[in-house]
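Peer 1: the sequence and its predicted three-dimensional model are supplied below.
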Amino acid sequence: MNGNNFNELFDYKAEFTAIGLCFKDIKNLIAVSQHLDAEDFFDSRHKVIIREIFSLHAKGHKVEIALVSQNLGERLQEAGGYSYLIDFEVVCSAFFIADEIEAIKNKSNLRKALDISVRMQKDIHLFNNPKEFISKYYDQMSNIILGSAEDTLISHADQMKKSSTSKKNRENIERKKLGLSTHAGIPTNFYDLDKLIHGFRKGNLIVIGARPGMGKTTLLLNFIRKMNIIPLFFTLEMTVEDLADKLNICNANANLSEHINGTSSPKESDKIYLSEKDLIQKNIYYDSNSYTTPNYIKSRLKQLVKMHGVNCVFIDYIQLMHSDKRGLSTYDEITNISHELKKIARDFGITLIALSQVARESKGDALSIFLGSGALEADCDIAIALDRANSAAKDKYETDNEIELKIIKNRHGNKGIVKLNWNGATGVIENSYTERYYN
């Protein structure tokens, strides 16, 4: 291959400009991480740099040239040295990131096509049937154009080989006999809730609605406290500091007001200290970006799912999110966000639990309770209305601190009402005592 043809396989200017724009604006970085991988860059220096940029972004750090240089350490020379990094400062902000992404992707696809054509030449003698040969490489070439399309197409027979329904049925029967959980998802460890929704399932969008002050955020923190998950919590209302403190206090079963007022007893202080040590050992991530969009969530998950095994996303709350599309009405914006959140849950194979405000006049018994809902009621797999238990209908097992989770939509089972005990002083939510009397 001569030099001219070699240069046609990559676009140095587009790669350099794209990286420079990532340093200029986080929106550019989100767009690049959404559409490109490090392997889409040809220049070895650019691969090293963009990997470090993606890594810093996934960890929540502000991406700056000095920090990239510091984190690269001994690998700095592989990135061209500090003098090369400084050169990215001259990139003009007037460039459009979409144009650079398209140029890089086109060259990357061209290199992939060339690689396939080389393998075709080497493998052609292995095939007696030309149809098999063409079919094999046609699929690979098509995948370059269609992206991940080949991963989304599967026959029923292949799906049963991958995950047999009858095998799962036999396994569930055996697990039931042994007294083990048969939930398809990760158990919430709220027993009545698990009986209805069968745990948090991969690919599911769960929407929890309630009026202000009903304990929506507290419920999410109790999911983190009780469940075996690696969560990413997008907090659009509370600060990370307040949220983390509230989780520590709740996990310690300590009094939040006493902690704030400085009146905690020595015993309570010890509990808080031990709780903090316990939670530090777990992988819990927060993101407090006030301009959170679906694409921003995707850019975070693209790194955190692979690097840290994040399998559950919490959003507090939907109405504070922004759409990636501009000029939409509030109704259409929530509709767009709802569609995208469902796609995110499915594409990343995670459970996404989003809080929603509800209309103040709502009684929490219909899907229309979600404020400005758009398509929330249609997109979600499970819809839950959170409310305080009806004090006029107490029986001898109920307490003044009960909350109700009304399952008003459930694609995996029945609707119903789950009652849980809530301690307002500590924020701890536990299984209701009435569950002791269930079979």
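Peer 2: Everything's here; your move.

Peer 1: and V68, what's its pLDDT?
Peer 2: Model confidence at V68, expressed as pLDDT, equals 93.

Peer 1: sec struct for it, please.
Peer 2: helix (DSSP: H, G, I helix; E, B strand; the rest coil).

Peer 1: residues contacting it?
Peer 2: 49, 52-53, 56, 79, 85 (Cβ atoms under 8 Å, 6 or more residues apart in numbering). Using the backbone N, CA and C atoms, a C-beta is placed for each residue, glycine as well.

Peer 1: can you tell me which of these comes closest to C22?
Peer 2: Closest approach to C22 among these (Cβ to Cβ): I53, at 5.6 Å.

Peer 1: what's in contact with the host helix or strand of the closest one?
Peer 2: Assessed by DSSP states H and E, I53 sits inside helix 44-58. Under the contact criterion Cβ under 8 Å, 6+ apart, helix 44-58 has outside partners 15-16, 19, 22, 26, 29, 32-33, 36, 38-39, 41, 62-63, 67-68, 71-72, 75, 78-80, 84-85, 299-300, 302-304, 307.

Peer 1: restricted to helices, list those residues.
Peer 2: Among the contacts of helix 44-58, the ones falling in helices (DSSP state H) are 15-16, 19, 22, 26, 29, 32-33, 67-68, 71-72, 84-85, 299-300, 302-304, 307.

Peer 1: quick check on the residues you listed: which are buried?
Peer 2: 15-16, 19, 22, 26, 29, 32-33, 68, 72, 84-85, 299-300, 302-304 (16 or more other Cβ atoms under 10 Å).

Peer 1: just give the closest residue to I101, not the sequence neighbours.
Peer 2: Computed as Cβ to Cβ, 6 or more residues apart in numbering, the closest residue to I101 that is not its neighbour in sequence is H35, at 5.0 Å.

Peer 1: looking at it, that neighbour is touching K105, isn't it?
Peer 2: Yes: using Cβ atoms under 8 Å, H35 is in contact with K105, at 6.6 Å.

Peer 1: need the strands for the stretch 251-400 of the chain, in chain order.
Peer 2: With strands called from DSSP state E, counting those that start in this stretch, the stretch 251-400 of the chain shows them at 285-287, 312-316, 351-357, 382-388.

Peer 1: for the record, mean pLDDT for the second one?
Peer 2: Mean per-residue pLDDT for strand 312-316: 94.

Peer 1: which residues does that strand contact?
Peer 2: Contacts for strand 312-316 (Cβ under 8 Å, 6+ apart): 186, 200, 216-217, 220, 223-224, 227, 229-238, 292, 297, 301, 321, 341, 344-345, 350-355.

Peer 1: so which of those residues sit within helices?
Peer 2: Using DSSP H, the contacts of strand 312-316 in helices are 216-217, 220, 223-224, 297, 301, 341, 344-345.

Peer 1: and the residues you listed as JSON lines, adding neighbour count?
Peer 2: Listed next are the ones in helices among the contacts of strand 312-316 as JSON lines, based on neighbours: other Cβ atoms under 10 Å:
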{"residue": "K216", "neighbour count": "21"}
{"residue": "T217", "neighbour count": "22"}
{"residue": "L220", "neighbour count": "24"}
{"residue": "F223", "neighbour count": "22"}
{"residue": "I224", "neighbour count": "19"}
{"residue": "I297", "neighbour count": "24"}
{"residue": "L301", "neighbour count": "19"}
{"residue": "L341", "neighbour count": "23"}
{"residue": "I344", "neighbour count": "19"}
{"residue": "A345", "neighbour count": "24"}
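
Peer 1: nearest to D192 among these?
Peer 2: Looking across the ones in helices among the contacts of strand 312-316 and measuring by Cβ to Cβ, the closest to D192 is F223, at 14.6 Å.

Peer 1: how near is the closest residue to K271 other than its chain neighbours to T426?
Peer 2: The shortest distance from K271 to any non-neighbouring residue, by Cβ to Cβ, 6+ apart, is to A252 (4.2 Å). The gap separating A252 from T426 is 8 Å, by Cβ to Cβ, to the nearest Å.
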